[in-house]
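> I'll drop the sequence and a predicted model, then ask my questions.
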Amino acid sequence: MARRLPRVVLDTNVLLVSISPRSDSYWLYESFLLGKFTLCVTTEVLMEYAEIISRHMGQTFCEQTLEVILSAVNTRRIIPAYRFNLLRDPDDNKFVDCAIAANARCIVSHDRDFWVLREVEFPKMAVVDTKKFYELLSLSFPRTE
């Protein structure tokens, strides 16, 4: 029986620091490329990814990255039916709405504004940093050496 990949939403800054092969966080993007989790995105999330990646890494790199994300079999396009407005920063709510609609295991972020979700009883959404996400991936896919 095939194992269902954990569904995950990546905050833009987490994605940004993970896409360069020279980054210490490249393991995260590489884990996505290796199909270790399902990346859930909405049109709004993709638009923010495009804006920030192109600003920091250039338009060509941005286009290549988005092409990889959109063509990956472990990417899920999500269309949220409801806006929860759980965060103080309205710009961050798109990640929460995506995660809830996708029934994601977690949102990976270092943004403290997301921490309020830890106190919300419903809808329940886990927020983890990259260190914790690394641990979660290790538990989901233990080494078989």
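Arrived safely.
> okay, and residue 39 sits in which element?
Taking DSSP states H and E as the criterion, residue 39 maps to strand 38-41.
> mind checking the longest helix of the protein?
Among the elements of type helix in the chain, defined by DSSP state H, the one spanning the most residues is helix 43-57.
> what helices and strands are in contact with whichever helix or strand comes after that one?
On the C-terminal side of helix 43-57, the closest following helix or strand by DSSP H and E is helix 59-71. In terms of contacts (3 or more C-beta pairs under 8 Å, 6 or more residues apart in numbering; DSSP states H and E), helix 59-71 is packed against helix 43-57. Placement of C-beta: from N, CA and C, glycine included.
> which parts of the protein are strands?
Secondary structure of the chain by DSSP state E: the strands cover 7-10, 38-41, 75-77, 106-108, 127-128.
> export those to TSV and tack on distance to residue 20, mean pLDDT and mean neighbour count?
Output for the strands of the chain, formatted as TSV (distance: least, C-beta to C-beta, whole Å; pLDDT from 0 to 100; neighbours: other C-beta atoms under 10 Å):
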stretch	distance to residue 20	mean pLDDT	mean neighbour count
strand 7-10	15	97	26
strand 38-41	17	98	22
strand 75-77	20	98	15
strand 106-108	17	97	25
strand 127-128	21	96	20
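> for the lowest-mean-pLDDT helix or strand in the chain, which residues meet the burial criterion?
The element with the least model confidence among the helices and strands of the chain, by mean pLDDT, DSSP states H and E, is helix 130-140, at a mean of 90. When burial is assessed from 16 or more other C-beta atoms under 10 Å, helix 130-140 yields the following buried residues: 130, 133-134, 136-137.
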